[in-house]
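Q: I would like to see how this sequence folds:
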Amino acid sequence: MTLKIFIKDGGGTGSLAEVSGAGELVVKGYGNSEIAFNTMTSANSAYNFFIPKSGQNFVITSVIFDVGAAAVIDLYESSSATSTTIDKQIFKFSLIKDTFVPITLPFGGFIKITEGEFLNAKTSVQPVDMTIIGFYKPILTFT
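A: Got it, this is the predicted structure:
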């Protein structure tokens, strides 16, 4: 027996959920995915991927690295787009030479960036190509 079901949140955010043909729960409705790409060409320099938006969190869904030499990569929150100071560590990767690493986070495993914080990365060697995919999500407040 097959049931057709429509799921909608009751919190007023307008997000929708559905079940894919493969039986996976898919959540959508926060707007378009945002994609940021940087080639990190200087070691130990800050590379900004996303700036904070008032009343919203940025949520990471995927990260892709492509390195030509062994590297340590830090993905972190910081108080400015140019700061190498790590306010909160998101990821720290040690990658071997000629590595391509796609990381897709499972549903419910999204990584939320703190409101008001910049999403930056730095590397121990250069060049490193890095792409981050995610979306901005309104911060819900209940009164």
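Q: which secondary element of the protein has the worst mean pLDDT?
A: Ranked by mean pLDDT, DSSP states H and E, the helix or strand of the chain with the weakest confidence is strand 7-8, at a mean of 58.
Q: okay, and the spatially most central residue of the chain sits in which element?
A: The centre of the chain sits closest to I60, judged by CA atoms, centre = their mean, with a distance of 1.9 Å. Assigned by DSSP states H and E, I60 belongs to strand 56-67.
Q: from the chain's centre, how far out does that strand sit?
A: When distances are taken as CA atoms, centre = their mean, to the nearest Å, strand 56-67 is centred 3 Å away from the chain's centroid.
Q: host element of the spatially closest residue to Y47 that is not a sequence neighbour?
A: Nearest residue to Y47, sequence neighbours excluded (CB to CB, 6 or more residues apart in numbering): N38, at 4.5 Å. All C-beta atoms are positioned from the backbone trio N, CA, C, and that covers glycine. Assigned by DSSP H and E, N38 belongs to strand 34-40.
Q: just checking, what packs against that strand?
A: Other elements packing on strand 34-40 under the criterion 3 or more CB pairs under 8 Å, 6 or more residues apart in numbering; DSSP states H and E are strand 47-50, strand 118-123, strand 128-138.
Q: dump the ones you listed to TSV, plus mean pLDDT and mean neighbour count.
A: As requested, the helices and strands packed on strand 34-40 are exported to TSV (pLDDT from 0 to 100; neighbours: other CB atoms under 10 Å):
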stretch	mean pLDDT	mean neighbour count
strand 47-50	98	20
strand 118-123	97	24
strand 128-138	91	19
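Q: among the ones you listed, which is nearest I86?
A: Closest approach to I86 among those (CB to CB): strand 118-123, 8.5 Å.
Q: direction included, what does that closest one pair against?
A: In its sheet, strand 118-123 lies beside strand 47-50 (antiparallel), strand 71-78 (antiparallel), with partners assigned from DSSP bridges.
Q: and the nearest residue to Q89 once chain neighbours are set aside, what are its bridge partners?
A: For Q89, ignoring the flanking residues on the chain, the nearest one in space by CB to CB, 6+ apart is Y76 at 5.3 Å. Applying DSSP bridges to Y76 yields these beta-bridge partners: Q89, N120.
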